[in-house]
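Peer 1: Got a predicted structure plus its sequence, pasted below:
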Amino acid sequence: MPTSLLLNVGHALDHLFLLIFATAVGAIATQWGMLWQDLMPYTSGAFLMFGLGSLPAGRLGDLWGRRAMMVVYFVGMGASGLLITMASSPWHLAGALTVMGAFASIYHPVGIPMLLQNARKPGFTIGVNGLAGNLGIAVAAVLTGFLVKELGWRAAFAVPAAVALLCAALFAVLVPREDAPPARKPKKLMALPQAMIVRAFLVMTLAAITGSLLFNFTTNGNGQLLTERLRGTVDDPATLGALLAAVYTVASFAQLVVGKLLDRFPLKRIWLPMAAANVPLFVLAAHASGWPLYALLLGIMVLVFGAIPFIDALIVQYVDDRMRSRVAGTRLAVSFGVSSLAVYLLGPTVKTAGFATLLLVMAGLATLTTIFVSLLPGRLTTAAQVEPSPASSAASLAG
């Protein structure tokens, strides 16, 4: 129980740290006499390392041990958060954020496989973990808005840093040591055709890239989108932060629903209509403002957050636990490495072309995601069987 609780808190902290800057960027830019659009690219190093760091993190998780890597994760997040509070210039801030991104890269390829090692209902377990991660995003919006307003932007990083260091101590004390690293455990054979595995991996990678681009564009841009499109209706930064937190909180529960469904129905049957539904919502949002825009944003984020469990569900089905951290790390390095461009381009794109153009670009990305998901084999479930009987294997491949 302490292990799963701390792992879920770790997911919340991971996303919270990555989104603090997106909420505080306006206040930091004002203090330093800059436009937020010009300061936003300085965080791209954090998201680049969030992707690239997944490769060594996943390898160390499998070969050295996931428990040890999670202690490193919590300590690193706390230390880098305190380093950010000492930034005195944009480049100093960029360097500290990049260090934070490197430690943040540890969680997904290590924490999620650790959580799923003995899960009886992997879909629901993934859904709960995803809920925790996205509640971290919601907390980032409201907590950062409050701390920036009351104590300044540096406090917005210092408070989560203290929580991360506390979690490091609790994890080291409460989580049992591993008998052996995952890579040294006995191998379990997966009775699935090689062609199907390759096809699923290809779809997983392509859909992860477009999905990560959508995730980064939305979560990093929503704060400024609401500031612009609700101007004259809601102007208080703390209230805007609370409204954004409400969107993220409601949307986060979509992962619980998706997680339950993944334990019962083929993955493609759930993922495909969700991916397609986001296309018209992005198009409508490009031309909306005020409360209609807010309602559309809620629908968009329900679908964006609800799609997060699908990639982890594919990994659970097709990858032996002995190497899940390495496979997850490779996938994350590709998808988050590419999607770090979203953070770099966000400010300049909005400054040059406006949010309307950006939202139409996201409609195009949602269209690509729909196409990629349509290429999945016809019937996939998260309940991957180890050495299944011929009958169950046939059932899992039926399309």
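Peer 2: On my side now, so go ahead.

Peer 1: Gly76 versus Ser105, what's the distance?
Peer 2: For Ser105, the distance to Gly76 equals 10 Å [CB to CB, to the nearest Å]. C-beta: built from backbone N, CA, C; applies to glycine.

Peer 1: Of the two, give the one with the bigger neighbour count.
Peer 2: Ser105 (30 against 19; other CB atoms under 10 Å).

Peer 1: Skipping adjacent residues, who's closest to the more buried one in space?
Peer 2: Leaving aside its sequence neighbours, Ser105 sits nearest to Gly53 (CB to CB, 6 or more residues apart in numbering; 3.0 Å).

Peer 1: Please apply the same query to Leu261.
Peer 2: Using CB to CB, 6+ apart and skipping the chain neighbours, the partner closest in space to Leu261 is Ile270 (5.2 Å).

Peer 1: host element of the one you found?
Peer 2: For Ile270, the host element (DSSP states H and E) is helix 267-286.

Peer 1: any idea which helix or strand comes after that helix?
Peer 2: That would be, after helix 267-286 and using DSSP H and E, helix 290-306.

Peer 1: Quick check: mean pLDDT of that next one?
Peer 2: The pLDDT scores in helix 290-306 average 93.

Peer 1: okay, now Arg331: neighbour count?
Peer 2: 26.

Peer 1: Pretty sure it sits against Leu314.
Peer 2: No. Using CB atoms under 8 Å, Arg331 is not in contact with Leu314; the gap is 9.1 Å.

Peer 1: Could you tell me which residues touch both of those two?
Peer 2: Common contacts of Arg331 and Leu314 (CB atoms under 8 Å, 6 or more residues apart in numbering): Met204.

Peer 1: which residue packs closest to Phe217, ignoring adjacent ones?
Peer 2: With CB to CB, 6+ apart, the residue lying closest to Phe217 is Ala342, at 4.7 Å.

Peer 1: circling back to that earlier point, distance-wise, check the residue nearest to Ser105 relative to Arg331.
Peer 2: Counting by CB to CB - Gly53 and Arg331 are separated by 13 Å.

Peer 1: quick one: stretch 117-128 to chain centroid distance?
Peer 2: 17 Å (CA atoms, centre = their mean, to the nearest Å).

Peer 1: The lengthiest helix in the chain: which residues count as buried?
Peer 2: Longest helix of the chain, by residue count under DSSP state H: helix 194-229. By 16 or more other CB atoms under 10 Å, the buried positions in helix 194-229 come out as 197, 200-201, 203-227, 229.

Peer 1: next one: stretch 154-163
Peer 2: Here stretch 154-163 shows 154-161, 163 as buried, counting by 16+ other CB under 10 Å.

Peer 1: how about the helices in the stretch 251-399 of the chain?
Peer 2: Per DSSP state H, counting those that start in this stretch, the stretch 251-399 of the chain has helices spanning 254-262, 267-286, 290-306, 309-318, 324-353, 355-374, 390-397. These are given in chain order.

Peer 1: which ones are touching Ala288?
Peer 2: For Ala288, the contact set (CB under 8 Å, 6+ apart) comprises 229, 296.

Peer 1: Tell me the one among the buried residues of stretch 154-163 nearest to Thr370.
Peer 2: Lowest distance from Thr370 to the buried residues of stretch 154-163 (CB to CB) belongs to Pro160, with 35.4 Å.

Peer 1: got any ranges where the protein has weak pLDDT?
Peer 2: Within the chain, the stretches with pLDDT under 70 are 186-194, 340, 343, 378-399.

Peer 1: if you set the cut-off to 50 instead, what comes out?
Peer 2: Scanning the chain for pLDDT under 50 picks out the ranges 380-399.

Peer 1: Please tell me I have it right and Phe50 contacts Ala104.
Peer 2: Yes. Between Phe50 and Ala104 there is a contact under CB under 8 Å: 5.3 Å.

Peer 1: Compare those two (neighbour count), which wins?
Peer 2: When neighbours are counted by other CB under 10 Å, Phe50 and Ala104 differ, and Phe50 comes out ahead with 30 against 27.

Peer 1: Roughly how far does that one sit from Val316?
Peer 2: In terms of CB to CB, Phe50 sits 22 Å off from Val316.
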